[in-house]
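**Student:** here are the coordinates; sequence isn't available:
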């Protein structure tokens, strides 16, 4: 900026070779909600959004990790959740609190009922990762591979043209969080 001032505005030529140094960009600190703010947000939610929020906060899951959970990823005996293809395509295991047991078991029952209804109607298959669909042709209709938070409506698989129940849940958004905080922290 100083070189520009001298050369372009003041039209003064500087003889020495000055090598300008650009300022380093700082990485912004992530916004972390206080426990009170989290409780406030969770108190405004219900249904699947409530379970998802509890998973995000209580288990340290990222948003897409929670949405992509399948029934087989839950281990109720050991209080574990298996995360596949998370950030940077890494697999990991995390714990979930006992307070989520009942909510998650109810959600699994809902998915089982929905899945059995879909099977009766000739649907009920989901997308499988990698070559699993070729290796295990019936796995796409097994209950363990079903999403924990399935879509409310069927969608068409772009590869095969078949209608399937896939993941597309309307979930928490930054706008919702912002609206709840603004409303209650005035």
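**Tutor:** Right, received. Where do you want to start? Worth saying up front: this structure is predicted, and the values here are computed from it rather than measured.

**Student:** Low-confidence bits of the chain, can you list those?
**Tutor:** Applying pLDDT under 70 to the chain flags the ranges 16, 20, 156-181, 183-186.

**Student:** would you list every one of the helices in it?
**Tutor:** 2-4, 35-43, 47-59, 63-67, 101-120, 132-135, 174-184 (DSSP state H).

**Student:** orientation of the second one relative to helix 47-59 in degrees?
**Tutor:** What that stands for is helix 35-43. Relative orientation of helix 35-43 versus helix 47-59 (axes from the mean of the first three to the mean of the last three Cα atoms, to 10 degrees): 160 degrees.

**Student:** out of the helices of the chain, nearest to residue 10?
**Tutor:** Checking those against residue 10 by Cβ to Cβ gives helix 2-4 as the closest, at 9.9 Å. (C-beta placed from N, C-alpha, C; glycine too.)

**Student:** mind listing what's buried in that closest one?
**Tutor:** Of all the residues in helix 2-4, not one is buried under the rule 16 or more other Cβ atoms under 10 Å.

**Student:** re earlier: residue 144 is nearest to which of the helices of the chain?
**Tutor:** Comparing the helices of the chain by Cβ to Cβ, helix 101-120 comes nearest, at 10.2 Å.

**Student:** quick one: contacts of that closest one?
**Tutor:** The contact list for helix 101-120, computed with Cβ atoms under 8 Å, 6 or more residues apart in numbering, reads 48, 50-51, 54, 71, 74, 76, 79, 96, 124, 141, 143, 146-150, 165.

**Student:** if we can go back for a sec, can I get the helices of the chain in a markdown table with distance to residue 15?
**Tutor:** Converted to a markdown table, the helices of the chain look like this (distance: least, Cβ to Cβ, whole Å):
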| stretch | distance to residue 15 |
| --- | --- |
| helix 2-4 | 13 |
| helix 35-43 | 58 |
| helix 47-59 | 60 |
| helix 63-67 | 57 |
| helix 101-120 | 73 |
| helix 132-135 | 69 |
| helix 174-184 | 53 |
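
**Student:** returning to that earlier point: the contacts of helix 101-120 in strands, which ones?
**Tutor:** By the criterion of DSSP state E, membership of those in strands covers residue 74.

**Student:** Report the distance from stretch 79-94 to the chain centre.
**Tutor:** The chain centroid and the centroid of stretch 79-94 are separated by 12 Å, computed with Cα atoms, centre = their mean, to the nearest Å.

**Student:** What's the end-to-end length of that stretch?
**Tutor:** Using Cα to Cα, to the nearest Å, one end of stretch 79-94 lies 9 Å from the other.

**Student:** Residue 154 is nearest to which of the helices of the chain?
**Tutor:** helix 101-120 (8.1 Å).

**Student:** if I look at the residue lying farthest from the centre of the chain, how far off is residue 6?
**Tutor:** Here the chain reaches farthest from its C-alpha mean at residue 15, the gap being 56.7 Å by Cα atoms, centre = their mean. Residue 15 is 11 Å from residue 6, where distance means Cβ to Cβ, to the nearest Å.
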